[in-house]
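> Pasting the sequence and the predicted coordinates here, then a few questions.
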Amino acid sequence: QVQLVESGGGLVQAGGSLRLSCAASGRTFSSYVMGWFRQAPGKEREFVAAISWSESSTYYTDSVKGRFTISRDNAKNTMYLQMNSLKPEDTAVYYCAAEIPVENHYSPSLAYEYDYWGQGTQVTVSS
């Protein structure tokens, strides 16, 4: 069983920055694909970013490319999302998730492929 705990959310003005963290329990964090998703009120959960277990591959949805950076520290069992140039449309609850690859295959942007989820952290960007 893996437990994921997000932190770092809050209220920020447009153009500002936040850094989200996702702390994971378990001894095999380094083998998971990790992702960030978000859900705004009245909308479906959407993919934001993902990172492979070796940090060799990162993935972003188009709307955050160039503004958000995903990273992980396997020694600390922690994943991060650095969010810069925030916009009001980035307002949402942000969730971290872990996917166990099957024979090295994984789907970084598909929520239903992820095996574990955190409780979420609220990010609010004011205009």
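Yes, it's here. Numbering: from 1, shown residues only.
> confidence score at the spatially most central residue of the chain?
The chain has W36 as the residue nearest its centroid, 2.0 Å off, counting by CA atoms, centre = their mean. At W36, the model reports a pLDDT of 98.
> tell me which strands and helices the helix or strand it falls within is in contact with?
Secondary structure from DSSP states H and E places W36 in strand 33-39. The contact analysis (3 or more CB pairs under 8 Å, 6 or more residues apart in numbering; DSSP states H and E) places strand 33-39 against strand 18-24, strand 46-51, strand 68-73, strand 78-83, strand 92-99. No exception for glycine: its C-beta is placed from N, CA and C like everyone else's.
> Out of those, flag the one nearest Y116.
strand 92-99 (4.4 Å; CB to CB).
> Check the offset of the helix or strand following the closest one from the chain's centre.
Downstream of strand 92-99, the first helix or strand assigned by DSSP H and E is strand 116-117. How far strand 116-117 lies from its chain's middle: 11 Å, per CA atoms, centre = their mean, to the nearest Å.
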